[in-house]
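Trainee: sequence unknown, structure follows:
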């Protein structure tokens with residue numbers, strides 16, 4: 001290796017480590033638990049214990065969002081490794097894979113035949129991803145989001161090709177093998193996230209648009225079907241529904257829900273500035289239509305919009321459903337800058353890289369200020385929203401551990417937040433929002449007029465189940481100044497976001513059959529309702 005090449009390699013490694021360090025520091029800001037991850041943890045723990053893939057032993061309901069992630073965490077639990085810490089480590093690890101795959105994928109972004117993409121711009125794309133709040137937040141949640149994105153990026157790398165640059169691979173058999181591997185990766189993505197099926201279909205359709213690429217699309221489709229068809233047959237026979245229970249609970253199609261999804265998508269594209277990347281992607285596609293990688297990138301970008309609109313968006317901060325699109329958006333943006341400075345002269349190149357750094361800083365800055373758009377008005381920043389959720393989660397842990405220590409095993413708990421408290425208490429739990437309850441999830445109710453995931457409810461059904469303990473509202477602690485006679489005013493603050501609780505509170509059967517429980521703790525007051533004829537509930 002020449003002295004010059006050795007110097008370039010050292011610089012490349014140093015810059016890659018710098019990008020990785022930025023990503024680690026950014027993710028560290030969001031080092032706190034994530035409520036919904038604990039639903040998956042509960043399924044994984046029950047599977048590891050031999051109870052089966054269930055939320056409550058004996059109840060068959062598909063309340064988890066990711067089959068693959070749940071099984072992976074069940075293996076972790078079976079090895080007696082700490083479940084929460086391991087999940088966070090895995091999601092961070094797959095986030096690091098996303099960064100590496102993004103930098104590597106830039107070599108496949110097409111340009112003119114006489115111009116090769118330059119490696120610093122690949123690291124620039126990885127830097128943009130590292131500075132995205134969506135990436136930093138969800139890389140540290142312990143959820144399956146980064147695994148899904150890493151699988152999708154890997155499939156794009158295997159399946160994407162340039163007609164001129166990769167023609168020789170068809171003759172050697174390398175490209176057909178890569179296409180089949182891409183199908184396997186897409187199938188793994190479909191086992192990781194429900195929307196993985198939609199992404200697989202649009203990716204295969206994008207590749208099939210050009211006649212020369214159709215054999216590769218067919219091989220990828222066969223690899224996908226080999227894994228996904230047996231899995232889907234099993235899950236349909238087990239659960240009896242075409243879609244996961246979480247879809248019916250949160251995203252049953254309706255016009256108000258679609259409008260909510262449009263607002264969600266617009267707030268990301270306009271508020272975070274990614275609309276520019278979409279325009280660049282379309283411009284590149286018109287200029288270089290023969291590149292299947294570019295067609296895949298555009299398919300993923302617009303599929304993210306479609307998926308977000310169909311399900312009505314998300315209640316959590318940082319636009320989770322757009323994370324699969326962000327690496328491809330970053331690739332499109334740096335490709336435009338690379339093309340603009342293709343003379344190779346130092347000053348234009350440094351200027352382009354400076355713009356990448358400025359855009360990265362702007363992404364981080366945008367997390368900490370409220371960003372309003374045409375369709376959505378924000379009074380709080382995304383960081384403030386995430387921090388507010390973390391404050392709630394701290395109370396959830398206190399409540400869950402209190403129940404574990406003071407409630408007799410086997411007593412049925414009914415509540416709305418079905419993650420941390422049920423996981424920590426280890427009590428049989430009735431999820432009053434239906435994520436883990438098939439009856440509530442499949443109620444024929446129009447969605448899209450309230451808080452996503454908080455709309456479906458059935459007070460009569462909850463009372464008929466005769467839970468021993470009910471936690472109305474969110475399982476958080478009231479301020480110490482609240483007394484036993486203020487339970488009604490405390491619960492009332494939740495009714496606008498939880499219409500099921502308002503219906504339950506107005507039902508005369510509730511206070512006839514349940515007695516208020518007031519528990520004073522160091523952090524605040526726990527209000528609960530205990531069934532009068534349940535015998536001894538507390539230890």
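Mentor: Yep, that arrived. Small disclaimer: the values here were computed from a predicted structure and weren't measured.

Trainee: gap between the residue nearest to residue 139 when sequence neighbours are not counted and residue 504?
Mentor: Closest residue in space to residue 139, ignoring its immediate chain neighbours: residue 95 at 3.3 Å, by Cβ to Cβ, 6 or more residues apart in numbering. The C-beta positions use only the backbone N, C-alpha and C, and glycine is treated the same way. Remark: distance between residue 95 and residue 504 (Cβ to Cβ, to the nearest Å) = 40 Å.

Trainee: Low-confidence stretches in the stretch 101-250 of the chain?
Mentor: Along the stretch 101-250 of the chain, segments meeting pLDDT under 70 span 110-116, 161-174.

Trainee: what about 50?
Mentor: Across the stretch 101-250 of the chain, the stretches falling below the confidence threshold (pLDDT under 50) are 163-164, 167-168, 171.

Trainee: What segments of the stretch 351-500 of the chain are helices?
Mentor: Secondary structure of the stretch 351-500 of the chain (DSSP state H, counting those that start in this stretch): helices at 382-406, 420-425, 438-441, 459-464, 487-492, 499-506.

Trainee: After the helix or strand of the chain with the lowest mean pLDDT, heading C-terminal, what element do we hit next?
Mentor: Comparing helices and strands within the chain by mean pLDDT, DSSP states H and E singles out helix 167-172 as the least confident, with a mean of 51. Using DSSP states H and E, the helix or strand that directly follows helix 167-172 along the chain is helix 174-192.

Trainee: Can you give me the buried ones in whichever helix or strand comes after that following helix?
Mentor: Using DSSP H and E, the next helix or strand after helix 174-192 towards the C-terminus is helix 196-208. Applying a neighbour-count criterion of 16 or more other Cβ atoms under 10 Å, one finds 196-204, 206-208 buried in helix 196-208.

Trainee: right, and out of the residues you listed, which lies closest to residue 419?
Mentor: Among these, residue 196 lies closest to residue 419 (Cβ to Cβ), at 22.3 Å.

Trainee: Below-threshold pLDDT in this protein: ranges please.
Mentor: Across the chain, the ranges flagged by pLDDT under 50 are 163-164, 167-168, 171.

Trainee: Which residue ranges make up each domain of it?
Mentor: 3-105+120-379, 384-531 (automatic domain parsing).

Trainee: any chance of the buried residues of helix 196-208 in a markdown table, with distance to residue 469 too?
Mentor: Formatted as a markdown table, the buried residues of helix 196-208 follow (distance: Cβ to Cβ, whole Å):
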| residue | distance to residue 469 |
| --- | --- |
| 196 | 37 |
| 197 | 38 |
| 198 | 40 |
| 199 | 41 |
| 200 | 43 |
| 201 | 44 |
| 202 | 46 |
| 203 | 47 |
| 204 | 49 |
| 206 | 51 |
| 207 | 53 |
| 208 | 55 |
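
Trainee: can you map out the strands along the protein?
Mentor: Residue ranges of the strands in the chain, as given by DSSP state E, are 413-415, 429-431, 469-470, 514-520, 525-531.

Trainee: how about those, which one is nearest residue 78?
Mentor: Of all these, strand 429-431 sits nearest to residue 78, with 22.3 Å by Cβ to Cβ.

Trainee: Can you pull out the residues in contact with the closest one?
Mentor: Applying Cβ atoms under 8 Å, 6 or more residues apart in numbering, the external contacts of strand 429-431 come out as 55-56, 63, 412-416, 418, 422, 436-437, 440, 462, 465, 467.

Trainee: what's the answer for stretch 64-78, then?
Mentor: Under the contact criterion Cβ under 8 Å, 6+ apart, stretch 64-78 has outside partners 36, 39-41, 43-45, 47-48, 53, 83, 86-87, 90, 143-144, 147-148, 188, 191-194, 231, 235, 244, 246.

Trainee: Roughly how far does the residue nearest to residue 139 sit from residue 382?
Mentor: With distances taken as Cβ to Cβ, residue 95 is found 18 Å from residue 382.

Trainee: deepest of the helices of the stretch 351-500 of the chain, which one?
Mentor: Greatest average neighbour count among the helices of the stretch 351-500 of the chain goes to helix 420-425 (a mean of 26), per mean count of other Cβ atoms under 10 Å.

Trainee: can you list contacts of stretch 238-249?
Mentor: Residues outside stretch 238-249 that contact it (Cβ under 8 Å, 6+ apart): 60-65, 194, 236, 311, 433-438, 440-442, 453, 456.

Trainee: so residue 180 touches residue 217, yeah?
Mentor: No - Residue 180 sits out of contact with residue 217 when judged by Cβ atoms under 8 Å, with a separation of 11.1 Å.

Trainee: closest one to residue 538 among the domains of the chain?
Mentor: Distances from residue 538 to each of these were compared using Cβ to Cβ; the shortest belongs to domain 384-531, at 5.2 Å.

Trainee: re the thing from before, between the buried residues of helix 196-208, which is nearest residue 518?
Mentor: residue 196 (46.4 Å).

Trainee: Please report the number of neighbouring residues for residue 418.
Mentor: If you count neighbours by other Cβ atoms under 10 Å, residue 418 ends up with 25.

Trainee: and residue 271, what is it in contact with?
Mentor: Contact analysis of residue 271 by Cβ under 8 Å, 6+ apart lists 366, 371-373, 376, 378.
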